[in-house]
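K.L.:
Structural data only, the sequence is not supplied:
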């Protein structure tokens, strides 16, 4: 492929054309990713930290952060449980920003199909947040057992944070 040299006066300079502040709205400015293979269990009906989190520092207060968590939840039940349910939420620093619950208070529900049973679900949760800051923010996933049994998150848990130009 031939190279072309542009010469002439009055063309101007191409300096910092791709700086974050010059990118159009909707552009992805940065992407952070983490994976974990930790196992987390809960029998609590109150939300608890899963230990899965990631921090990002937005470059402008008008930018948004796209949050994505992907994980596998195992829901265990026994003879006393007619249903097992789970619920999840995203937390920015110490502020709840998105709960994934329906009118019954759960995200996923399984009715008993046998004695001492379990179900596994690959779950993908996404939310677009507007933190309105240029300070580092930490996003984490919390979960709660909403109906009977025990919850376990195990396998590969993926966290992706993307700064989107506002």
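P.N.:
Now that the structure is in, tell me what you want to look at. Just so we're clear, the structure is a prediction, and the values are computed from it rather than from any experiment.
K.L.:
use CA for all of it now, contacts and neighbours both
P.N.:
Fine.
K.L.:
okay, the closest residue to residue 38 other than its chain neighbours: pLDDT?
P.N.:
Distances taken as CA to CA, 6 or more residues apart in numbering put residue 154 closest to residue 38, at 6.2 Å, once the chain neighbours are dropped. Note on residue 154: pLDDT of 91.
K.L.:
Now residue 154: which helix or strand?
P.N.:
strand 150-164 (DSSP states H and E).
K.L.:
Direction included, what does that strand pair up with?
P.N.:
Strands that pair with strand 150-164, judged by DSSP bridges, come out as strand 28-36 (antiparallel), strand 40-42 (antiparallel), strand 64-77 (antiparallel).
K.L.:
sorry, back to before: so what pairs up with the residue nearest to residue 38 in the strands?
P.N.:
Beta-bridge partners of residue 154, as defined by DSSP bridges: residue 72.
K.L.:
residues near it, how many?
P.N.:
16 (other CA atoms under 10 Å).
K.L.:
ok, it to residue 71 distance?
P.N.:
7 Å (CA to CA, to the nearest Å).
K.L.:
helices or strands up against the lowest-mean-pLDDT helix or strand in the chain?
P.N.:
Lowest on mean pLDDT, DSSP states H and E among the helices and strands of the chain sits strand 108-111, with a mean of 76. Packing partners of strand 108-111 (3 or more CA pairs under 8 Å, 6 or more residues apart in numbering; DSSP states H and E): strand 83-92.
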